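what's the 3D shape of this:
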Amino acid sequence: MALAGRAGAAEPTQQAVGYPSLFLLVVLGALVPVVPTGALVSSAAVVAFHQDSPLPLLGVFLVAAGAAFLGDTVLYGLGERGVASRNGSRWLRRLRERTAPERLAQAQAKLDEHGVTVLVLSRLVPAGRIPVMLACLLARVPARRFARGDVPACLAWAATYEVIGVLGGSLFARPWEGVAAAVVLTLAVGAVPSLRRRLR
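Numbers count the residues shown, from 1 in each chain. Presented below is the predicted three-dimensional model:
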């Protein structure tokens, strides 16, 4: 009973520390695309899955989606300044550096064909977010229109990686095993585009 009481009391403390950390890391990962945000969300979902209540899973979903949206809109705003400026900006320059010309051409074609709904797919395809965001910037898509397309994109992204975490959590009795499985899976999925480019 005492152990159960201590475990129950520890859950709110873990959430109070975990949610802000997850939020900040996902925002940072949206601004600096070297942080494996998908792995972070899946890992948080594994831990939440092993809690006694379904509320932590909902919390992870809302925090991840909200942080991704904030990071995307901030990065888009910084990119807009670069497009409007005569000399550009370092943020726009970095977006260009991270985008291969053929990927940008594909993103521009998809944007012309589907509009900002292409943002949903770009968030789910590894390394697809930056080329589509750059295509939106170069097409001078207004920030409000970009934000409207980015909301369902961030919700779908958060849901996808949370499902990966839940699957990892359900396959293993110990949370750390599920976290390890989720991290390996998300990193493997993220490595597919670069591996494909090298094989070409």
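
what residues of stretch 159-168 count as buried?
Using 16 or more other CB atoms under 10 Å as the test for burial, stretch 159-168 gives 160-162, 164-168. For the C-beta atoms, the positions are set from N, CA and C on the backbone; glycine is no exception.

dump those residues to CSV, plus distance to residue 34, pLDDT and secondary structure.
As requested, these are exported to CSV (distance: CB to CB, whole Å; pLDDT from 0 to 100; DSSP: H, G, I helix; E, B strand; the rest coil):
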residue, distance to residue 34, pLDDT, secondary structure
160, 20, 91, helix
161, 17, 90, helix
162, 22, 92, helix
164, 20, 86, helix
165, 21, 85, helix
166, 26, 87, helix
167, 25, 84, helix
168, 23, 78, helix
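
CSV for these, including distance to residue 152?
Shown next, in CSV, are these (distance: CB to CB, whole Å):
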residue, distance to residue 152
160, 12
161, 15
162, 15
164, 19
165, 20
166, 20
167, 22
168, 25
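
quick check: the farthest pair among those?
In these, two members sit farther apart than any others by CB to CB. They are 160 and 168, at 13.1 Å.

out of the buried residues of stretch 159-168, which comes closest to residue 117?
Distances from residue 117 to the buried residues of stretch 159-168, taken by CB to CB, are shortest for residue 160, at 16.5 Å.

check contacts around the residue nearest to that closest one when sequence neighbours are not counted.
Leaving aside its sequence neighbours, residue 160 sits nearest to residue 124 (CB to CB, 6 or more residues apart in numbering; 6.0 Å). Residues in contact with residue 124, defined by CB atoms under 8 Å, 6 or more residues apart in numbering, are 153, 156-157, 160.
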